[in-house]
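K.L.:
Sequence and predicted structure are below.
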Amino acid sequence: MGLLSKKDSKLIFDPLADNNPITIQVLGICSALAITAQLKPSIVMALSVIFVLGMGNVVISLMRNIIPSKIRIIVQLIVVATLVIIVDLVLKAFAYELSKELSVFIGLIITNCIIMGRFEAFALGNGPWRSFLDGVGNALGYGVILIIVGFFRELLGSGTLFGFKVLGDSVEKTGLYAFGYENNGFMVLPPMALIVVGIIIWVQRSRNKELIEEV
Amino acid sequence: MAINTEKNSYTVVFAVVMVVIVGSILAGLFMLFRPQIEANERFEKQQNILYAMGVNQNQGANDVVFIPTESVEAEFQKYITRQVVIQGDQVTENDQAFLIDVKKEATKAADPAYDRRLPLFEGSIEGKDIFVVPVRGKGLWDAIWGFVAMDKDMVIHGVYFDHKGETPGLGAEIKQRYFMDDFKGEGFLVDGNFAGIAVAKGNNDPKNLIKDDQEVDALAGATITGDGLSAMLKKDIRLYVPYFKSLN
């Protein structure tokens, strides 16, 4: 890639697969379970986290030399909290129904371990551009999993994608439903997210044996 | 750099400056977005009122779909013919009645000298006159509220319930179709006297076929939310009884 050096592009693309925050580092699981029953909230959540983590990493990186180390965790928390409140306000103003649906989970981005983890592990020791790439990369890695899980849960659980009835109408028995297909109501419930994430982890590790931990 | 970031005085100054900066950014943004957020809340209220009346876009057996935000104001004008504020014996027409904050009115009503303002929305749908009133009460964790649409004999035409933080899968189910639809056809009056409607366990009527028993089948695992809902209906709907009596 011409735009990014090899080292920089590693920052973006590593977390997408071989160092994925959800499937490899097992961080940020709680929100992955809670909001992925449909595709749309998954995407909004992914975008919100990309914004918060990208911006947050830049802000922390710019301040890294002036943050008193004694209160650095508190400073990091304030930065995340501020960005999250901004996201919350924007959603309330321009996507009210979605913000009701995501409700408390937007606020809970503050406690998403991925964010504090990247601040602490990367932004405090690197320049703003690299921190930005690292933040966006990790948030994308998180978002990709969210979107994959959301896709399967909405498709198999409700037979829709973005609310469109892609498999036909389950009440009128058209499309696939005419052949006796039924929605799997279990997919709508949070436990199935865990199972879908589990399947992704399984697929990922059987493709790349290096990821399997030694017992 | 010459700054000693380990000094206590530096830490304190840093913290203060940071809080001031962050505080002003957030306050500024809030001011900027406030008109839009308030408009959204207004639309939501109108959608809820219309939903209780039966003006919605439900299609399947389970979904709760409001009419779209863009058209809600026009639809509200169309279906709600009169908005009134009841204060004691006085009934005044007020086309901003839906903006009355039920929570604040209930707090003020603790003072016996205060005459509580009660909003009521009159409309007609399919040739039937419908009266919608707001209710507000306590669930298990936090506030629950809603709108009840009735005919002039206080028989329910439709309801909408919402909550702030009831347990997902249990108390939060009060805003599901299968629960809200059970209320249709239930009446608040028995022989002309107010009796309320209770969310009851073990009422031997799980499909809610008996409409004159003042009972709706409860949600399993949500006893306290259900009790709160019964109490809310009893407490808030009772306030409107004199007005309904005056209609007949």
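P.N.:
In hand now; what should we look at? Numbering: from 1, shown residues only, chains lettered A, B, ... in the order given.
K.L.:
Could you pick out the longest helix of the chain?
P.N.:
Just so you know, I chose chain A. What stands out as the longest helix in chain A, according to DSSP state H, is helix A:128-158.
K.L.:
try chain B instead
P.N.:
helix B:8-53.
K.L.:
how far out from the middle of the chain is stretch A:192-201?
P.N.:
The chain centroid and the centroid of stretch A:192-201 are separated by 14 Å under C-alpha atoms, centre = their mean, to the nearest Å.
K.L.:
Does chain B have contacts with it?
P.N.:
No: for stretch A:192-201, no contact with chain B is found by C-beta under 8 Å from any C-beta of the partner chain; the gap never falls below 13.6 Å. C-betas here are computed from N, CA, C, even on glycine.
K.L.:
Okay, buried residues for stretch A:192-208 please.
P.N.:
Neighbour-count burial for stretch A:192-208, counted by 16 or more other C-beta atoms under 10 Å in any protein chain shown, picks out A:192-193, A:196-197, A:200-201, A:204.
K.L.:
per-residue confidence at A:Val215?
P.N.:
Turning to A:Val215, the model gives it a pLDDT of 68.
K.L.:
make that A:Lys7, sorry
P.N.:
So A:Lys7 comes in at 80 (pLDDT).
K.L.:
any idea which helix or strand comes after the helix or strand harbouring it?
P.N.:
Element membership for A:Lys7, per DSSP states H and E: helix A:6-13. The C-terminal neighbour of helix A:6-13 among helices and strands, as given by DSSP H and E, is helix A:29-34.
K.L.:
quick one, phi/psi of the most centrally placed residue in chain B?
P.N.:
Chain B has B:Gly146 as the residue nearest its centroid, 2.5 Å off, counting by C-alpha atoms, centre = their mean. The phi and psi values for B:Gly146, taken as degrees, to the nearest 10, are phi 170, psi -170.
K.L.:
Which stretches in chain B count as strands?
P.N.:
B:80-87, B:90-93, B:117-125, B:128-138, B:143-150, B:156-163, B:189-190, B:193-194, B:198-200, B:215-217 (DSSP state E).
K.L.:
of all those, which lies closest to B:Asp63?
P.N.:
Closest of the strands of chain B to B:Asp63 is strand B:156-163, at 13.6 Å (criterion: C-beta to C-beta).
K.L.:
Please see if the closest one touches chain A.
P.N.:
No: figure legend: strand B:156-163 not in contact with chain A (C-beta under 8 Å from any C-beta); closest approach 9.2 Å.
K.L.:
who does that strand touch, helix- and strand-wise?
P.N.:
Applying 3 or more C-beta pairs under 8 Å, 6 or more residues apart in numbering or on different chains; DSSP states H and E, one finds that strand B:156-163 contacts helix B:8-53, strand B:143-150, helix B:177-180.
K.L.:
Distance from the chain centre to the last one, please.
P.N.:
The one in question is helix B:177-180. 15 Å.
K.L.:
Pull the residues that contact that helix.
P.N.:
Outside helix B:177-180, the residues that touch it by C-beta atoms under 8 Å, 6 or more residues apart in numbering or on different chains are B:58, B:61-64, B:158-161, B:173-174, B:216, B:219.
K.L.:
Tell me which of the helices and strands packed on strand B:156-163 is the most buried.
P.N.:
strand B:143-150 (a mean of 23; mean count of other C-beta atoms under 10 Å in any protein chain shown).
K.L.:
The residue nearest to the centre of chain B against B:Phe183, yeah?
P.N.:
No: B:Gly146 is beyond contact range of B:Phe183, at 9.8 Å (criterion: C-beta atoms under 8 Å).
K.L.:
where does chain B dip in pLDDT?
P.N.:
Along chain B, the parts satisfying pLDDT under 70 run over B:1-3, B:60-61.
K.L.:
Flag every residue of it that's near chain A.
P.N.:
B:1, B:3, B:5-6, B:10-11, B:14-15, B:18-19, B:22, B:25-26, B:29-30, B:33, B:36-37, B:40-41, B:43-44, B:59-61, B:69, B:165.
K.L.:
Please state the mean pLDDT value computed over the longest helix of chain A.
P.N.:
When pLDDT is averaged along helix A:128-158, the result is 91.
K.L.:
got a list of what the nearest residue to A:Asp8 once chain neighbours are set aside touches?
P.N.:
Among residues not flanking A:Asp8 along the chain, A:Leu133 sits closest, at 5.6 Å (C-beta to C-beta, 6 or more residues apart in numbering or on different chains). Going by C-beta under 8 Å, 6+ apart, A:Leu133 touches A:4, A:8, A:11-12.
K.L.:
Where is pLDDT lowest across the residues you listed?
P.N.:
Within the contacts of A:Leu133, lowest confidence goes to A:Leu4 (71).
K.L.:
list the contacts for that residue?
P.N.:
A:12, A:133.
K.L.:
just B:Gln83 next, same as before
P.N.:
B:Gln83 neighbours (C-beta under 8 Å, 6+ apart): B:93-98, B:119-122.
K.L.:
The nearest residue to B:Leu118 once chain neighbours are set aside: neighbouring residues, count only.
P.N.:
Leaving out its chain neighbours, the residue that sits closest to B:Leu118 by C-beta to C-beta, 6+ apart is B:Ile86, at 4.3 Å. Using other C-beta atoms under 10 Å in any protein chain shown, B:Ile86 has 21 other residues around it.
K.L.:
With A:Ile114 instead?
P.N.:
The burial count for A:Ile114: 23, using other C-beta under 10 Å.
K.L.:
pretty sure it is touching A:Val26, no?
P.N.:
No: the pair A:Ile114 / A:Val26 is not scored as a contact, 10.4 Å apart, by C-beta under 8 Å.
K.L.:
quick one: the residue nearest to B:Asp227 when sequence neighbours are not counted from chain A, how far?
P.N.:
Nearest residue to B:Asp227 in three dimensions, chain neighbours excluded: B:Val199, at 7.2 Å (C-beta to C-beta, 6+ apart). Shown here: B:Val199 relative to chain A, a distance of 24 Å by C-beta to the nearest C-beta, to the nearest Å.
K.L.:
I'd assumed B:Thr223 was in contact with B:Val199.
P.N.:
No: when contacts are counted by C-beta under 8 Å, B:Val199 is not listed as touching B:Thr223 (9.0 Å).
K.L.:
These two: who's more crowded?
P.N.:
B:Val199 (25 against 15).
K.L.:
Let me see the contact set for that one.
P.N.:
B:Val199 is in contact with B:215-219, B:226-227, B:229-230, counting by C-beta under 8 Å, 6+ apart.
K.L.:
hey, what's it bridged with?
P.N.:
B:Val216 (DSSP bridges).
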